[in-house]
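>>> Sharing a sequence plus its predicted fold:
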Amino acid sequence: MTRNRCLAFGLTTMAALAFAACSGGGSSPAPTIAPTPGLAAATDVVGHVTCSLTAIPNTPAEIGRLTCTQVASDARLSGAEEATFRYADLPSDSNLMWGSNTITNDGGSWNCEFVGLRSPNGYHAFDFSCRGGGGHAGLWAYYHQDGDVGYSAFSGWIENRE
């Protein structure tokens, strides 16, 4: 369940319980809500990425490659990044793009998958889902990135899923 869906579910549940507790005329005690086991608080993260193309695909059958440096407000998501991607042309002259990337740093690594759109002028917007490895094992990161191939900004969160 995504963080926003968890929040919406939690607020809906609390409202329903409050209504049930207040609508009865009896003297039964109000219900208590226990934390969900395994659901840890998330750490918000923002940052930027600078990249250079190392392999430029000329057709959708070819694989593109990027080498990047990611700098984040949480050092766990900062590091050297290698990415591969594919694309499909859309009727609007934009591209649907998807791929994978690995971010490495002294603390561990992240194996990510992403999907997004690239406009004809180079502007892009991607969503990333990353699983931590090494010292980051058990962590997941989710973030949205937009910008161009040279510089992009991102925001998201890191959470403990184990």
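Here it is on my side, so go on.
>>> tell me which residues of stretch 48-56 are tucked away?
Residues 49, 51 are the ones in stretch 48-56 that count as buried (16 or more other CB atoms under 10 Å). (Each C-beta comes from the backbone N, C-alpha and C, glycine too.)
>>> what comes into contact with that stretch?
Applying CB atoms under 8 Å, 6 or more residues apart in numbering, the set of residues contacting stretch 48-56 from outside is 62-71, 81, 83, 145, 147, 149-154.
>>> go again using 7 Å as the cut-off
63-71, 81, 145, 149-154 (CB atoms under 7 Å, 6 or more residues apart in numbering).
>>> Select only the buried ones of the residues you listed in PyMOL?
Typed into PyMOL, the line below selects the buried ones among the contacts of stretch 48-56, using 16+ other CB under 10 Å:
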select buried, resi 64+65+66+68+70+81+145+149+152+154
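>>> Give me the subset of the contacts of stretch 48-56 that lies in strands.
64-71, 81, 145, 151-154 (DSSP state E).
>>> Generate JSON lines for these, with distance to residue 92 and pLDDT as supplementary columns.
Output for the ones in strands among the contacts of stretch 48-56, formatted as JSON lines (distance: CB to CB, whole Å; pLDDT from 0 to 100):
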{"residue": "64", "distance to residue 92": "20", "pLDDT": "94"}
{"residue": "65", "distance to residue 92": "25", "pLDDT": "95"}
{"residue": "66", "distance to residue 92": "23", "pLDDT": "94"}
{"residue": "67", "distance to residue 92": "29", "pLDDT": "96"}
{"residue": "68", "distance to residue 92": "26", "pLDDT": "96"}
{"residue": "69", "distance to residue 92": "31", "pLDDT": "97"}
{"residue": "70", "distance to residue 92": "29", "pLDDT": "98"}
{"residue": "71", "distance to residue 92": "32", "pLDDT": "98"}
{"residue": "81", "distance to residue 92": "28", "pLDDT": "97"}
{"residue": "145", "distance to residue 92": "21", "pLDDT": "97"}
{"residue": "151", "distance to residue 92": "24", "pLDDT": "94"}
{"residue": "152", "distance to residue 92": "21", "pLDDT": "96"}
{"residue": "153", "distance to residue 92": "24", "pLDDT": "98"}
{"residue": "154", "distance to residue 92": "24", "pLDDT": "98"}
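>>> Lovely, talk soon.
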